[in-house]
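Peer 1: Just the structure for this:
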Amino acid sequence: MTQKVSGSPFLKPFFLRAPVRVVSPLQQRRHTLPASEFRNLTPQDAISVFEIEREAFVSVSGECPLTLDEVLNFLGQCPELSLGWFEEGQLVAFIIGSGWDKERLSQKAMTQHVPDTPTVHIHVLSVHRHCRQQGKGSILLWRYLQYLRCMPGLRRALLICEDFLVPFYLKAGFKEKGPSEISVSNMQFQEMEYTLGGQAYARRNSGC
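Peer 2: Have a look, this model is predicted:
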């Protein structure tokens, strides 16, 4: 069997060979799907995205970063700024981003996509409940940032997070920009920034 990892034109497909094994006819259809695939999300993925997001966030904070309508809006306007991780056809983790044109994020950034800008606003990173505590969030974030490096004109990524998540993003290479002006249901956030670097760095280090 061959494991396929693919995505948009910027995510070059590659294959990982696995030992060949015999499967029963009942399993055959299941194994026609790639074991693991990375690709941009589409509006058709919106329901799966929202279900994972709702389970992950509502139980903790009572709020979803994005409503279903906002998910549909961003996946319609800027699907190239999203990335989903699928295992045997099922979404297990995802990131949704949009374009932004200011130095810092504001409340408008939560629902607005500004095209043709050097800044990506990462709205949400979420992992399916059955796939947590496996390092999938870190892996997906790393792949997403390397993918952004390959996109012409992008120079940085911004996000907001609660204090307990700051170490996670620092470990991924983000730097703190200080308290965010954005608040949701009286929750306060820190703003984080990741420098994507120049195209020469991207070509040398990311296989672009």
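Peer 1: What is the burial count for Ser82?
Peer 2: Counted by other Cβ atoms under 10 Å, the residues lying close to Ser82 total 24. Just so you know, the C-beta spots here come from the backbone N, C-alpha and C atoms, and that holds for glycine as well.
Peer 1: My guess is it contacts Gly76. True?
Peer 2: No - counting by Cβ atoms under 8 Å, Ser82 stays clear of Gly76, with 10.8 Å between them.
Peer 1: Surely Ser185 and Glu63 touch.
Peer 2: Yes - using Cβ under 8 Å, Ser185 is in contact with Glu63, at 5.3 Å.
Peer 1: between the two, who's got more neighbours?
Peer 2: Taking other Cβ under 10 Å, Ser185 and Glu63 do not tie; Glu63 has more neighbours (11 against 7).
Peer 1: if I look at the more buried one, how far off is Gln44?
Peer 2: 25 Å (Cβ to Cβ, to the nearest Å).
Peer 1: Same question for Glu181.
Peer 2: 34 Å.
Peer 1: Neighbour count: these two, which is higher?
Peer 2: The neighbour comparison of Glu181 against Gln44 (other Cβ under 10 Å) goes to Glu181, with 13 against 8.
Peer 1: do you know how far the more buried one is from Glu55?
Peer 2: From Glu181 to Glu55 the distance is 28 Å (Cβ to Cβ).
Peer 1: ditto for Glu176
Peer 2: Counting by Cβ to Cβ, the gap from Glu176 to Glu55 is 28 Å.
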